[in-house]
Structure formats: C-alpha cells, structure tokens
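1. structure for this input, please:
(4 chains)
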Number of protein chains: 2
Amino acid sequence: MKEVSGQLAGIPLFLGLSGEQYDALARIGVRRSSRKGERIFSEGDEGTGFYVVVTGRVKIFKVSAEGKEQILHFFGPGESFGEVSVFTGQGFPADAVAAAQTALLFFPRTSFIALIRNDPVLALNMLAQLSQRLRQFAGLIEDLSLKEVPERLAKYLLYLSGRDGDARAAELDVSKGQLASLLGTIPETLSRILTKMNRQGLIRSRGAQITILDRPGLDAIASEGKKLP
Amino acid sequence: MKEVSGQLAGIPLFLGLSGEQYDALARIGVRRSSRKGERIFSEGDEGTGFYVVVTGRVKIFKVSAEGKEQILHFFGPGESFGEVSVFTGQGFPADAVAAAQTALLFFPRTSFIALIRNDPVLALNMLAQLSQRLRQFAGLIEDLSLKEVPERLAKYLLYLSGRDGDARAAELDVSKGQLASLLGTIPETLSRILTKMNRQGLIRSRGAQITILDRPGLDAIASEGKKLP
DNA sequence: ACATCTCTTTGACCTATGTCAAAGCGCTTT
DNA sequence: AAAGCGCTTTGACATAGGTCAAAGAGATGT
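-> From the prediction side, this is the model:
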C-alpha cells in the first residue's frame, strides 16, 4: 500500500497525524477512480465510507423533481466528501459525480471510526472540516434566500480573482451552465447578467476569461446589493 | 457546581459519557440566561465557546442588508449551538437571539477542546451532531433553491403533525411571521398561501391551530410539487 | 372596558427570474 | 472544409413572489 501512503501527504484532514496513524490510514484506504461524468454515489445510498480526492474534481449536488440541479460543492485534490453519512449512519444526503477524470481514496466507515476513536487529532481535524463546511452552507443559504443573482455572481467573480491572486483576471473554473447551477439560477439568467455587466463596463468577458474592469463597482453590487441598471 | 451537573443529563451531545467526563463538563460549564429577544451573539463575534439550551428557545439566523431575515434553526432544550466557531476559530457565522426566556450553559472553547482531546466518545457525539446539522442545511438549500413556497409550507405542516404524533393537528410552534422567515419567504406570501390551502379544503387554520383535512393533498404538494389552483 | 400595540390579512401593483424557442458559436470528428 | 454536437446567447413571454399601504384582529397593560 505504499502508493496510498504517498497520497496522504498534504491532505488537510490528515495534517499533524503521527506516522502510525498515517500507516493505519494507508492500510484502510482504497484507491478508486472515476471517469468524467461517472456517478460516485446517489442521494439515499447507504454511506459505507467517505472519499478523499487525489486528483480531478467531484461535484456534489441536489436535483429537483423537474431535473433542475443545485450544486452544493466542487471538491478538488486534498478535499474530502461523504463524511456526513459516516457519522450519522444514514444515507448520503446528496449526489456525487466526477466532474473530470478523478482519482479517489475511499475510507470505509467502521475502520475509520476506529481510527478516530484512537486519535483526537484526527477527530479535531474532522470537526474543523465539518465546521468549515457548515459555515459555507450557512453562506449559501444566506445567498439563496437574501441576495439576488447579480450579487451572487459579483461575489463569485471577486472570489475567483482573489483566489487566483491576479486582481484583474477571473478564469472561470467551471462551465457557465455549471456556474449557474452553483449560484442557484439557470444559464439564461446568468448569461443576461454577464451581458449587462459587460455593458456597464464592470467586466469584459470572453468565453471563460473574465477581466474585472471595475472592482469597486462589482464590490458595490456584491456587498451593498447595488442594482445593475 | 452541582446544579450544572444535574442539567447535563439528557443532552444528546453528552450521551454515553463517563462519570468523570460529566464532572469535568459540569466544572467548565457556565450558567447564563437570556430574556426573550435578548441577543446571545452576533455574526462575526469572536467565538469563545458554545452553548447548550437548558430551557427556552434560541433562534439562529442571518439578516440581509435590507433587514430581511432567514432563520437557520430554532434550538430547544438539550440542543447545542455555536459549535462551529469552536472548531474553526473564526467568528460566529450567524446571529443568535433568545426566542423566549432561556437558560443556557456556556462551554468555553479551550477547556472544551481539551475535554474532546481526551474523550473519543465526546468527539464522536460532536461529529454526529455537526453531521446531522450539515444534512439539515443541505435540505434547506435544496428547499430554497429547488422548491416553491407552497411545497415548503406543505412539508413543514406535515412535519409538525408528524412530530406531534397527532396526525390531524399541527399547532404552529412559532408565529406566522417567524414561520415565513424559516421558510425563506415573507408573512404576506405565507398568509396568501394558507388562505389558498384553506379554500382548497387542504387545511383549516384558526390562528396557530392548523387542522390537516387532506393529507394526501398536502403530500402531493410537498413531494410532487403539485400546484395549488 | 378601553386604548395601544403588534401580528396577520387583503388588495393593488411591480419586478426578478424562470420558461420556451430559436439562433449563434466553438469544438471535435470525419 | 463540412458536418455534427454541446454550450451559450438572445428574444418574447409568463409568473411566483416581493413591495407598499391599509384594514382587521388579537393580545396586553391601564
């Protein structure tokens, strides 16, 4: 299992663990890979363990009866998902599909709980992880319930440019259709708002390349809810 | 601190702990009480610990720039809140006010983390707690993003009647204004939908007393998204 | 019983955003 | 280069649900 062991480095969840724990994790972790579009689990499936993304990307989402989807997360290398059903013993609360060719590590529920029982650091890491996610969900709820689409979009563009370090560029990391679903809207609406923002000189968007021309303007929309004329 | 100790019984988070741990918790727990309407903490406040509700009720919510509120939870006796900032070290992610005269126990962050470090059962209980809450948030996100108000209301009425055991009665546990905020809408809209449901013979509502007259009908709205004429 | 206050209901209106349909535009495949 | 395919954009339209204003209806203290 040397290959598994090597992949545990740099995973936030496993930070600060003893060598012993690393070995134990390497022993119980199982490699798995998914092609782009492949389903990893469905809402309601029995949760027999959780996953860590090694390479690639995973989309976690809910689907309505009419087929509209709301994306809850994208998870990339080093991030974990599916933990919730490890600790509640219920089925998975949402669907997961590979958003790209993806390599995963799977950790079976019972073995993992046994490890946590012996290692408070691992427990605290996991608590930090779930807390972080709870905070993020609270933000998403706030956005969906209290903000309009232009505000959510402006916020996302600013977030992107912040994450990339580059203050003016924002390279979309998902298709516009997926971005719509992440923001809780539909592609048509997103497209119209991007067009408006272009017209207002706030951004210049060419495909997935979006240049921020007027950061204060975007900020005013994101934070103060200023309207787009 | 004998009084504190007595109040720890029956709190799910502390279930299955050793007597020693109980004592330790009793030692670090601090009693605090809040009058109805009193603010317990505000979003962004430094999180120096978390709370357990002994008696009364606490409302956790987000407020928009324009003053509209979205309720995330109501917590009653035995439930805990404010844990997220214990484990992320960041400020509280939302506001908390007492929804009634409320008695609380406050557990300071560092002392509590020390306890968790020594007790895997407590860690696992907390993990279960947070996981449960994550699941609930995922449901709220789904509702807000993918369902319409009548669906959310029908679901809530069915949930109430289920919780009370009584299949036909649903005594609202919050004011209609608060229910609107919980469902992600405003009082006017809620009122109109209740009126419609009355007209359709689905329910009969007199004040906070709502009688379910047509459960299959409500079910069809809650689950299949059937429209109210 | 009265005055006051807050919550709820109703009406008229408005707007953000969703639906449906049709082009347009890049890509990849042949 | 042509053809095919999925994504994105645009237009015309529909509507759920929000805003504003006023009236009703309970509750509470005097």
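2. could I get the phi/psi values of A:Gln132?
-> A:Gln132 adopts backbone torsions of phi -60, psi -40, taken as degrees, to the nearest 10.
3. that one touches B:Pro93, doesn't it?
-> No. Contact criterion C-beta atoms under 8 Å: A:Gln132 and B:Pro93 do not qualify, at 10.1 Å. Where you see a C-beta, it was placed from the backbone N, CA and C, and this is true even at glycine.
4. the two: which is more packed in?
-> Neighbours were counted for A:Gln132 and for B:Pro93 using other C-beta atoms under 10 Å in any protein chain shown; B:Pro93 has more, 23 against 15.
5. wait, a helix at that one?
-> No. If the criterion is DSSP: H, G, I helix; E, B strand; the rest coil, then B:Pro93 is coil and not within a helix.
6. Three-state assignment for A:Ala96, please.
-> strand.
7. tell me the SS of the residue lying closest to it once chain neighbours are set aside?
-> The shortest distance from A:Ala96 to any non-neighbouring residue, by C-beta to C-beta, 6 or more residues apart in numbering or on different chains, is to A:Ile40 (4.1 Å). At A:Ile40, secondary structure determined by three-state DSSP is strand.
8. quick check: A:Ile40 vs A:Lys59, distance?
-> 9 Å (C-beta to C-beta, to the nearest Å).
9. need the overlap of contacts for the two.
-> A:96-98 (C-beta atoms under 8 Å, 6 or more residues apart in numbering or on different chains).
10. considering the residues you listed, which possesses the most neighbours?
-> Neighbour counts for the shared contacts of A:Ile40 and A:Lys59, by other C-beta under 10 Å, peak at A:Ala96, which reaches 25 neighbours.
11. counting neighbours, what do you get for A:Ser145?
-> A:Ser145, neighbours per other C-beta under 10 Å, totals 24.
12. ok, now A:Leu72?
-> 26.
13. equivalent analysis for A:Val121, please.
-> Neighbours of A:Val121 using other C-beta under 10 Å come to 15.
14. wait, doesn't it sit right on A:Leu17?
-> Yes. Contact criterion C-beta under 8 Å: A:Val121 and A:Leu17 qualify, at 5.9 Å.
15. for chain A, which residues are neighbours of DNA strand D?
-> When proximity is defined by C-beta under 7 Å from any atom of the strand, chain A lies next to DNA strand D at A:175-178, A:187-188, A:190-192, A:194-195, A:205.
16. export these to a markdown table and tack on pLDDT, secondary structure and neighbour count?
-> Formatted as a markdown table, those follow (pLDDT from 0 to 100; DSSP: H, G, I helix; E, B strand; the rest coil; neighbours: other C-beta atoms under 10 Å in any protein chain shown):
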| residue | pLDDT | secondary structure | neighbour count |
| --- | --- | --- | --- |
| A:Ser175 | 95 | coil | 12 |
| A:Lys176 | 97 | helix | 15 |
| A:Gly177 | 97 | helix | 13 |
| A:Gln178 | 97 | helix | 18 |
| A:Pro187 | 98 | helix | 14 |
| A:Glu188 | 98 | helix | 9 |
| A:Leu190 | 98 | helix | 20 |
| A:Ser191 | 97 | helix | 14 |
| A:Arg192 | 98 | helix | 14 |
| A:Leu194 | 97 | helix | 19 |
| A:Thr195 | 97 | helix | 11 |
| A:Ser205 | 92 | strand | 19 |
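17. contacts only, for A:Ile221.
-> Each residue near A:Ile221 by C-beta under 8 Å, 6+ apart is listed here: A:150-151, A:154, A:202, A:227-228.
18. which one of the residues you listed has the most neighbours?
-> Using other C-beta under 10 Å as the neighbour criterion, A:Ala154 leads those with 27 neighbours.
19. where's that one, which helix or strand?
-> Under the criterion of DSSP states H and E, A:Ala154 resides in helix A:149-163.
20. so where's chain A uncertain?
-> Low-confidence segments of chain A (pLDDT under 70): A:1-3, A:165.
21. all helices of chain A, in order?
-> A:2-7, A:19-28, A:84-88, A:109-118, A:120-146, A:149-163, A:176-183, A:187-199, A:215-224 (DSSP state H).
22. what's around A:Val23, how many residues?
-> Let me fix one detail, which is that residue A:23 is Asp and not Val. Using other C-beta under 10 Å, A:Asp23 has 13 neighbouring residues.
23. just give the nearest non-adjacent residue to it, would you?
-> For A:Asp23, the spatially nearest residue (C-beta to C-beta, 6+ apart) is A:Ser5, at 7.0 Å.
24. tell me who's in contact with the one you found.
-> Counting by C-beta under 8 Å, 6+ apart, A:Ser5 has contacts A:22-23, A:26.
25. before we move on, the earlier item: more neighbours: which of A:Ile40 and A:Lys59?
-> Each of A:Ile40 and A:Lys59 has its neighbours counted (other C-beta under 10 Å); A:Lys59 has more, 24 against 21.
26. surely that one and A:Gln70 touch.
-> No. With contacts counted by C-beta under 8 Å, A:Lys59 stays clear of A:Gln70, the gap being 11.0 Å.
27. before we move on, back to that, tell me the one of the contacts of A:Ser5 nearest DNA strand D?
-> Checking the contacts of A:Ser5 against DNA strand D by C-beta to the nearest atom of the strand gives A:Ala26 as the nearest, at 36.7 Å.
28. mind checking the helices of chain A for the one nearest to B:Ala103?
-> Taking C-beta to C-beta, helix A:120-146 is the member of the helices of chain A nearest to B:Ala103, at 24.9 Å.
29. pull the distance from that closest one to the chain's centre.
-> 12 Å (C-alpha atoms, centre = their mean, to the nearest Å).
30. just the angle between that helix and helix A:149-163, please?
-> Angle, helix A:120-146 to helix A:149-163, by axes from the mean of the first three to the mean of the last three C-alpha atoms, to 10 degrees: 140 degrees.
31. helix A:120-146 close to chain B?
-> Yes. Between helix A:120-146 and chain B, judged by C-beta under 8 Å from any C-beta of the partner chain, the touching residues are A:120, A:123-124, A:126-128, A:130-135, A:137-142, A:144-146.
32. which parts of chain A sit against DNA strand C?
-> Selection of chain A residues close to DNA strand C by C-beta under 7 Å from any atom of the strand yields A:66, A:68, A:148-150, A:184-186, A:188-189, A:207, A:227.
33. for PyMOL, what selects the buried ones among these?
-> To isolate the buried ones among the residues of chain A next to DNA strand C in PyMOL, judged by 16 or more other C-beta atoms under 10 Å in any protein chain shown, type:
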select buried, chain A and resi 149+150+184+185
